[in-house]
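*Asks:* How does the following fold in three dimensions:
(one chain, ligands or ions: 1)
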Amino acid sequence: MEKVTIVGLGYIGLPTAIICAQSGYKVSGFDIDQDKINKINKAISPILETGITEKLKKIIKSGNLKASNNINKANIFLVAVPTPFIIKNKKNNNLNKIKQVDLSYVFNAAKEISKVLEKNNLVILESTVSVGATEKFAKILEKHSGLKLSKDFYVAHCPERVLPGKIFEELTNNNRVIGGICPKASELAKKFYSKFVMGNILITDAKTAEMTKLIENSYRDVNIAFANQVAAMANSAGINPYKLIDLANMHPRVNILTPGCGVGGHCIAVDPWFLVSSFPKDSLLLKTARDINDKKPEIIIKNILKLSKTFYKKNKVIPKILSLGLTFKPDIDDLRESPALKISKKLNLQKKKLKLSVFEPNINKIILDNLDFKNFNNLREAINWADIILILVSHDIFFELKNINLKDKIIIDESGLIYRMYKN
Ligand SMILES: NC(=O)c1ccc[n+]([C@@H]2O[C@H](COP(=O)([O-])OP(=O)(O)OC[C@H]3O[C@@H](n4cnc5c(N)ncnc54)[C@H](O)[C@@H]3O)[C@@H](O)[C@H]2O)c1
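*Replies:* Here you go, the predicted structure:
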């Protein structure tokens with residue numbers, strides 16, 4: 001049985017570890033978070049993902065997956081550690097800051113792997129990285145292990161493109177791009193993925209694979225920015241933006257995305273910066289899209305404060321506002337870079353102007369309490385309490401609003417949920 005060590009057991013690493021174990025690999029999961037390790041070994045998933053609980057239970061019981069805070073020897077290492085951005089001052093200009101990739105987690109992972117790296121091992125970097133980072137990662141492995149790159153051991157980059165909420169389905173069905181540091185690395189990585197990937201496995205070099213992932217997410221960001229600008233223009237013209245976009249999308253070659261309250265998560269809101277910082281002159285559109293999407297929460301906050309003022313003038317009481325949804329997209333439990341969270345946090349500070357409560361069924365009450373939110377665990381109760389309902393994320397469960405009396409409520413829908421609810 002081939003042994004695989006997965007480094008980083010988060011949203012990507014844990015489902016991948018489960019799939020590998022299901023496909024016949026003996027898997028060891030390595031993480032620096034002891035709480036996560038304990039949970040996984042007790043078959044409790046530290047993340048919310050469709051189907052993960054049953055799969056994790058089965059695989060832990062089988063003995064083919066074990067999590068540890070010690071890195072174990074393996075034939076194949078797969079790295080899925082975070083790659084956030086850091087804000088740095090531009091050289092000679094302290095006022096001009098740029099966001100660039102933080103590769104420290106990736107490089108630390110390389111140092112850990114070097115301790116146990118052996119001849120003929122394959123190391124796959126799945127974390128999203130800037131162009132050229134896989135080569136640097138490989139050089140760290142070489143330096144710290146004393147082994148020769150592409151002779152004694154092999155390195156490939158294989159970016160992950162899964163959609164949270166559909167991770168298991170997409171881990172199996174998506175096409176994958178593999179960029180080896182050398183052709184043998186690509187060939188070995190292809191053999192590894194072939195055991196569980198049903199989609200096409202496409203071979204290229206490491207730099208091209210890195211850039212493929214970055215342009216995919218930048219493409220999404222630019223298209224979301226376009227949708228957000230369409231919504232802004234439509235709102236100024238007194239037109240329903242969701243209806244407008246639906247009509248435009250009837251064109252056979254037009255597919256405008258749904259406007260929202262901003263862009264969040266670990267990927268689309270982050271990865272374009274890796275291109276903008278590396279290629280500042282040729283990434284003007286990407287930078288503009290980032291700015292448009294980053295500014296959306298501020299625009300919503302401003303509008304809500306204006307509405308609160310009008311409400312107060314009319315009713316002589318400050319309004320009770322209910323934020324529906326806090327996660328960065330529907331039906332997940334991930335708050336990273338979430339614009340809905342940012343909006344709700346900022347509104348929550350405006351205690352003299354409004355009373356804020358939240359309803360977020362995918363986030364544990366203790367976390368919501370710690371974030372200092374008054375929160376409800378029942379949608380009807382939450383709606384009863386509110387004067388203004390601010391829909392930020394269109395979780396499936398919010399379609400229940402159709403069966404709740406919303407008369408006398410002011411509804412601000414930043415997700416398109418109400419339009420979709422009554423569309424047909
Ligand atoms: N989440 C997604 O939907 C998604 C999709 C595509 C690509 N990605 C990329 O995949 C990578 C991982 O993302 P994620 O969402 O799984 O992150 P995550 O934060 O959920 O998980 C990362 C894990 O790595 C662990 N870790 C950090 N440093 C470590 C080290 N030196 N050794 C061992 N473990 C370490 C952390 O404790 C954590 O459990 C990122 O580069 C991200 O951009 C994520």
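
*Asks:* Setting aside sequence neighbours, what's the nearest residue to the one residue in the stretch 201-350 of the chain that gets nearest to the ligand?
*Replies:* Among the residues of the stretch 201-350 of the chain, residue 266 lies nearest to the ligand; the distance is 4.7 Å by CB to the nearest ligand atom. C-beta here means a position set from N, CA and C on the backbone, and glycine is covered the same way. Leaving out its chain neighbours, the residue that sits closest to residue 266 by CB to CB, 6 or more residues apart in numbering is residue 336, at 5.1 Å.

*Asks:* cool, and residue 200?
*Replies:* Per CB to CB, 6+ apart, closest to residue 200 is residue 175, 4.4 Å.

*Asks:* May I have the residues that are in contact with that neighbour?
*Replies:* Under the criterion of CB atoms under 8 Å, 6 or more residues apart in numbering, the contact partners of residue 175 comprise 199-202.

*Asks:* Report how many residues lie close to whatever residue of the stretch 1-150 of the chain ends up closest to the ligand.
*Replies:* Per CB to the nearest ligand atom, the residue of the stretch 1-150 of the chain with the smallest distance to the ligand is residue 10, at 1.8 Å. Per other CB atoms under 10 Å, the neighbour tally for residue 10 reads 17.

*Asks:* quick one: the residue nearest to it when sequence neighbours are not counted from residue 124, how far?
*Replies:* Computed as CB to CB, 6+ apart, the closest residue to residue 10 that is not its neighbour in sequence is residue 80, at 6.6 Å. Taken as CB to CB, to the nearest Å, the spacing of residue 80 relative to residue 124 amounts to 9 Å.

*Asks:* for residue 249, same thing?
*Replies:* Distance from residue 249 to residue 124, counting by CB to CB: 38 Å.

*Asks:* of the two, who's got more company?
*Replies:* Regarding residue 249 and residue 124, a neighbour count based on other CB under 10 Å identifies residue 124 as having more, with 26 against 12.

*Asks:* The more buried one: which element?
*Replies:* Take DSSP states H and E as the rule and residue 124 turns out to sit in strand 122-125.

*Asks:* what sits up against that strand?
*Replies:* 75-79, 106, 110, 113, 117, 133-134, 137-138, 141, 153-158, 185, 188-189, 192.

*Asks:* ok so, going back, turn the contacts of residue 175 into JSON lines, columns for pLDDT.
*Replies:* As requested, the contacts of residue 175 are arranged in JSON lines below (pLDDT from 0 to 100):
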{"residue": "199", "pLDDT": "98"}
{"residue": "200", "pLDDT": "98"}
{"residue": "201", "pLDDT": "98"}
{"residue": "202", "pLDDT": "98"}
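
*Asks:* which of those tops the neighbour count?
*Replies:* The member of these that has the most neighbours, counting by other CB under 10 Å, is residue 201 with 18 neighbours.

*Asks:* That one pairs with what?
*Replies:* Beta-bridge partners recorded for residue 201 (DSSP bridges): residue 176.

*Asks:* pretty sure it contacts residue 194?
*Replies:* Yes: Residue 201 is within contact range of residue 194, at 6.6 Å (criterion: CB atoms under 8 Å).

*Asks:* most remote residue from this structure's center?
*Replies:* The outermost residue of the chain, judged by C-alpha distance from the chain's mean C-alpha position using CA atoms, centre = their mean, is residue 316 at 41.7 Å.

*Asks:* for it, what are its contacts?
*Replies:* For residue 316, the contact set (CB under 8 Å, 6+ apart) is empty.

*Asks:* Then residue 232?
*Replies:* Neighbouring residues of residue 232 by CB under 8 Å, 6+ apart: residue 299.

*Asks:* Check what pLDDT it gets.
*Replies:* We have a pLDDT of 97 for residue 232.

*Asks:* Look up how far residue 265 lies from it.
*Replies:* Computed as CB to CB, the residue 232 to residue 265 distance reads 22 Å.

*Asks:* now residue 186
*Replies:* Relative to residue 265, residue 186 is positioned 29 Å away (criterion: CB to CB).

*Asks:* And these two? Which one has more around it.
*Replies:* Between residue 186 and residue 265, counting by other CB under 10 Å, residue 186 is the more crowded of the two (24 against 21).

*Asks:* Name the helix or strand for that one, please.
*Replies:* The secondary structure element spanning residue 186 is helix 183-194 (assigned by DSSP H and E).

*Asks:* And the residue lying closest to residue 328 once chain neighbours are set aside, how far from residue 86?
*Replies:* With CB to CB, 6+ apart as the measure, residue 264 is the residue that lies nearest to residue 328, at 2.9 Å, once sequence neighbours are left out. Residue 264 sits 18 Å away from residue 86 when distances are taken as CB to CB.
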